[in-house]
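K.L.:
predicted structure and sequence below. I'll ask about it afterward.
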Amino acid sequence: MKKPDVKVVLLGDMNVGKTSLLHRYMERKFKETISTVGGAFYLKQWGPYNISIWDTAGREQFHGLGSMYCRGAAAVIFIYDVTNWQSLAELEERFLSLTDTANHDCIYAVVGNKADLTDPKAQQLQDPEAASETRTEGPLGLMLHKQVSPEDAKAFYERIIRYKGLEGKSSLPADKMCFETSAKSGYNVDALFEALFNLVLPFILRKRNENQVSPTVDLEECRGGSSKRSKSSCC
Ligand SMILES: Nc1nc2c(ncn2[C@@H]2O[C@H](COP(=O)(O)OP(=O)(O)OP(=O)(O)O)[C@@H](O)[C@H]2O)c(=O)[nH]1
Ligand SMILES: [Mg+2]
């Protein structure tokens, strides 16, 4: 199995659509799910890089596992359901502190899923690769009330930046890091993951450079005493 270059973690209350977003992005389809137990990860090949994307369980009984999954994460995606105000509140009350184990330069995104239930433009199938799927015309008349506004999401993002002590530093602006998606139609799903992958690229490159510059110099190696050449140039 390819070794991941970087780790991205999805956090959020049960039922917000974490698994469905990954099904949409990785398998290009919206399919039945069961509530996640523990966690699972997908390995996404992104150009020459391998990105592990961790799906976690929102249920309270798996809460303690969240900080383990966040260990060493380069990006954390906080997910709520746009039709459920409490799912946004849970992110701050229950999930934000799990990121204490993430990298110091971890980036954060805030995602309001199920936008198809509140916004007609998010209803049309937006996944060109999902040709096999029937068009979700969607019951336009059955729009639900959007309980969480984009402003609420941005305000939460600013509180994440404050919690992480990043305000004033080169933290990314809220309007770049807050998304509304629909796993059902594919609305904004590729845009979300690909924006994040581009943002974690510098982290991957830095890590690869660090691995290539060996901290110790093997003089024997330099004298050509051994046939094996290390990866790093030593002299
Ligand atoms: N309309 C709509 N329903 C969605 C969307 N995403 C997920 N759902 C539905 O919401 C329910 C929960 O989806 P999951 O993906 O299992 O949610 P989860 O966050 O992984 O839940 P846990 O694994 O329990 O933490 C399922 O019935 C999904 O079909 C969406 O974008 N739109
Ligand atoms: Mg799940």
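P.N.:
Now that the structure is in, tell me what you want to look at. Ligands and ions are numbered 1, 2, ... in the order given.
K.L.:
Asp81: how many residues sit nearby?
P.N.:
Using other CB atoms under 10 Å, the number of residues around Asp81 comes to 23. Heads up, the C-betas are built off the backbone N, CA and C, glycines and all.
K.L.:
flag the shaky bits of the chain, pLDDT-wise.
P.N.:
The chain contains residues with pLDDT under 70 at 1, 128-141, 212-235.
K.L.:
quick check: residues of it near ligand 2?
P.N.:
Lys18, Thr19, Thr36 (CB under 5 Å from the ion).
K.L.:
what is the nearest of these to Phe197?
P.N.:
Lys18 (17.4 Å; CB to CB).
K.L.:
what about Leu43, which helix or strand?
P.N.:
Following DSSP states H and E, the helix or strand that holds Leu43 is strand 39-46.
K.L.:
what is that strand packed up against?
P.N.:
Other elements packing on strand 39-46 under the criterion 3 or more CB pairs under 8 Å, 6 or more residues apart in numbering; DSSP states H and E are strand 49-56, helix 189-212.
K.L.:
nearest to Ala115, of the ones you listed?
P.N.:
Across those, closest to Ala115 is helix 189-212 (CB to CB), at 10.3 Å.
K.L.:
could you dump the helices and strands packed on strand 39-46 into JSON lines with mean neighbour count added?
P.N.:
Conversion of the helices and strands packed on strand 39-46 to JSON lines gives the following (neighbours: other CB atoms under 10 Å):
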{"stretch": "strand 49-56", "mean neighbour count": "21"}
{"stretch": "helix 189-212", "mean neighbour count": "16"}
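K.L.:
for Asn113, find the nearest of the ones you listed.
P.N.:
helix 189-212 (9.1 Å).
K.L.:
returning to that earlier point: so of the residues of the chain next to ligand 2, which ones are in helices?
P.N.:
Lys18, Thr19 (DSSP state H).
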